[in-house]
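Participant: what would the 3D arrangement of this be:
(one chain, ligands or ions: 1)
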Amino acid sequence: MITRDESIALVKENVKNKNLVNHMIGVGAIMKGLADHYGEDSHLWEVVGILHDVDYETFGEDFANHGAKSAEMVKDILPDNAIKAIRSHNPLTGYEPELKFDIALLAADAISGLIVANALVRPNRMEGMKAKSIKKRMKDKSFARQVSRENVMKCEEIDLQFSEFATIAIKAMDSVADQIGLSK
Ligand SMILES: [Fe+2]
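Facilitator: Here you go, the predicted structure:
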């Protein structure tokens, strides 16, 4: 199995935008936090989070290829369930998120955007962030408007109340804050 460092190296080889690389590391951390919560394979879930957008600068003109190309790029590295999760995080690929693993990736991808945007307007960045503030941001549709609130709320399909999901995600992002430019 590919290591965390190897997966980050593969991302950096393929994605030059630093914000995107940081996004993937953040989603990886949230996936690991979720896997720990469920008693799933935290290494696999983290690596999937890190690699899910590895094609972002190379998938081409058609957004339907996003995710499909990532899946192709990692097909010899990751097991089938991981490849399916990566593909289905963009339903335009024709693959719908079905399993807990798939839905977790979709929801983690979305909530990471809210958490990053919230950290960037806080003087202390990730430090001391509470689920309550993410809840407020959820309701303010003009804040980080590109974030799909619907995808964030998919957490309920995988047996997590929003506040519990936000707490796990904040803790996870805080654990990598210094790696993704979100420490104080
Ligand atoms: Fe993403």
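Participant: burial check on residue 36, number of neighbours?
Facilitator: A total of 15 residues lie near residue 36 under the criterion other Cβ atoms under 10 Å. Bear in mind the C-beta positions are built from the backbone N, C-alpha and C, glycine included.
Participant: element containing it, please.
Facilitator: Secondary-structure assignment from DSSP states H and E places residue 36 in helix 18-38.
Participant: touching the ion at all, that helix?
Facilitator: No: Helix 18-38 does not reach the ion (Cβ under 5 Å from the ion); its nearest approach is 5.7 Å.
Participant: got the buried residues for the helix or strand following that helix?
Facilitator: Using DSSP H and E, the next helix or strand after helix 18-38 towards the C-terminus is helix 42-51. By neighbour count on 16 or more other Cβ atoms under 10 Å, the buried set for helix 42-51 is 42, 44, 45, 46, 47, 48, 49, 50, 51.
Participant: export only the CA atoms of helix 42-51, formatted as PDB.
Facilitator: Included here for helix 42-51 are C-alpha records, laid out as PDB according to Å, rounded to 0.1, in the frame of the first residue of the first chain:
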ATOM      1  CA  SER A  42      -7.700   4.800   8.500                       C
ATOM      2  CA  HIS A  43      -4.700   4.500   6.300                       C
ATOM      3  CA  LEU A  44      -6.600   3.600   3.300                       C
ATOM      4  CA  TRP A  45      -9.300   6.300   3.900                       C
ATOM      5  CA  GLU A  46      -6.600   9.000   4.400                       C
ATOM      6  CA  VAL A  47      -4.700   8.000   1.200                       C
ATOM      7  CA  VAL A  48      -8.000   8.200  -0.700                       C
ATOM      8  CA  GLY A  49      -8.700  11.600   0.700                       C
ATOM      9  CA  ILE A  50      -5.200  12.800  -0.400                       C
ATOM     10  CA  LEU A  51      -5.500  11.300  -3.900                       C
END
